[in-house]
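J.: 3D model of this:
(2 chains)
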Amino acid sequence: GAGVSQSPRYKVAKRGQDVALRCDPISGHVSLFWYQQALGQGPEFLTYFQNEAQLDKSGLPSDRFFAERPEGSVSTLKIQRTQQEDSAVYLCASSPQRAGGRYGYTFGSGTRLTVV
Amino acid sequence: KQEVTQIPAALSVPEGENLVLNCSFTDSAIYNLQWFRQDPGKGLTSLLLIQSSQREQTSGRLNASLDKSSGRSTLYIAASQPGDSATYLCAVPIGAAGNKLTFGGGTRVLVKP
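T.: All right, here's what the predicted structure looks like:
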């Protein structure tokens, strides 16, 4: 596609519910990233894929967070047993190069998750 | 650990005035520095990417400078317009391969007509 597409745009979850957030990167982009952005703050790194391999998951805040990219294109970020502190905007980005941060990213519009 | 700071957190100017946004970083060993724009409820739009070997980058009314030795970058927006109202974020790659970005907290800009 022309850009990075994320769905849903908005998600309201009851505390304890599991959620799945989807990211469709730009076709052919090797690198895919997930970031979490709390209200009024800059985005924070969660995890990084190069094709289907998850090379860095150091930013995932707990074992309730899980990300996958099984065929090296679409990625899903799953949050189990959601908590109120998980409320944030979840941003996905992709890059055509392996070292995405060195050459620039394209971000999606994000999914705003509200846990009530 | 690389830390990125943006001051001020918010800025309000009358239309037509030039905007000056500041970004500082603690580790000068960077590959590049990027400036992004974020509109309310939206994702990030890349504005400018300055490689570590460059001192500035220009695109239309936007000009970004980079001084690695002092750990600073400045984004200038000439002749501001109400449509420039948004949050502006700077970011630098971190990690051995420079794969992930660390962001400043952003500067929220309001241009009043």
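J.: Every contact and neighbour count from this point should use C-alpha atoms.
T.: Will do.
J.: what's near enough to touch whichever residue of chain A sits closest to chain B?
T.: At 3.7 Å from chain B, residue A:109 is the closest residue in chain A, using Cα to the nearest Cα. Neighbour list for residue A:109: A:4-6, A:9, A:91-92, B:41-44 [criterion: Cα atoms under 8 Å, 6 or more residues apart in numbering or on different chains].
J.: That one in helix, strand or coil?
T.: Here residue A:109 is coil, with the state taken from DSSP: H, G, I helix; E, B strand; the rest coil.
J.: Please list the residues of chain B that sit near chain A.
T.: Where chain B comes near chain A, counting by Cα under 8 Å from any Cα of the partner chain, the residues are B:31-32, B:34, B:41-46, B:49, B:89, B:92-94, B:97-106.
J.: Just the buried ones among these, please.
T.: The neighbour count (16 or more other Cα atoms under 10 Å in any protein chain shown) marks B:31-32, B:34, B:42-46, B:49, B:89, B:92-94, B:98-106 as buried among the residues of chain B next to chain A.
J.: Mind checking which of these are in strands?
T.: Using DSSP state E, the members of those that fall within strands are B:32, B:34, B:44-46, B:49, B:89, B:92-94, B:100-103.
J.: Just send those residues back as JSON lines, with pLDDT too.
T.: Listed next are these as JSON lines, based on pLDDT from 0 to 100:
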{"residue": "B:32", "pLDDT": "89"}
{"residue": "B:34", "pLDDT": "93"}
{"residue": "B:44", "pLDDT": "92"}
{"residue": "B:45", "pLDDT": "92"}
{"residue": "B:46", "pLDDT": "91"}
{"residue": "B:49", "pLDDT": "91"}
{"residue": "B:89", "pLDDT": "97"}
{"residue": "B:92", "pLDDT": "92"}
{"residue": "B:93", "pLDDT": "87"}
{"residue": "B:94", "pLDDT": "81"}
{"residue": "B:100", "pLDDT": "85"}
{"residue": "B:101", "pLDDT": "90"}
{"residue": "B:102", "pLDDT": "93"}
{"residue": "B:103", "pLDDT": "96"}
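J.: In the residues you listed, find the pair that's most separated.
T.: Distance extremes for these: the farthest pair is B:45 and B:94 at 19.8 Å, using Cα to Cα.
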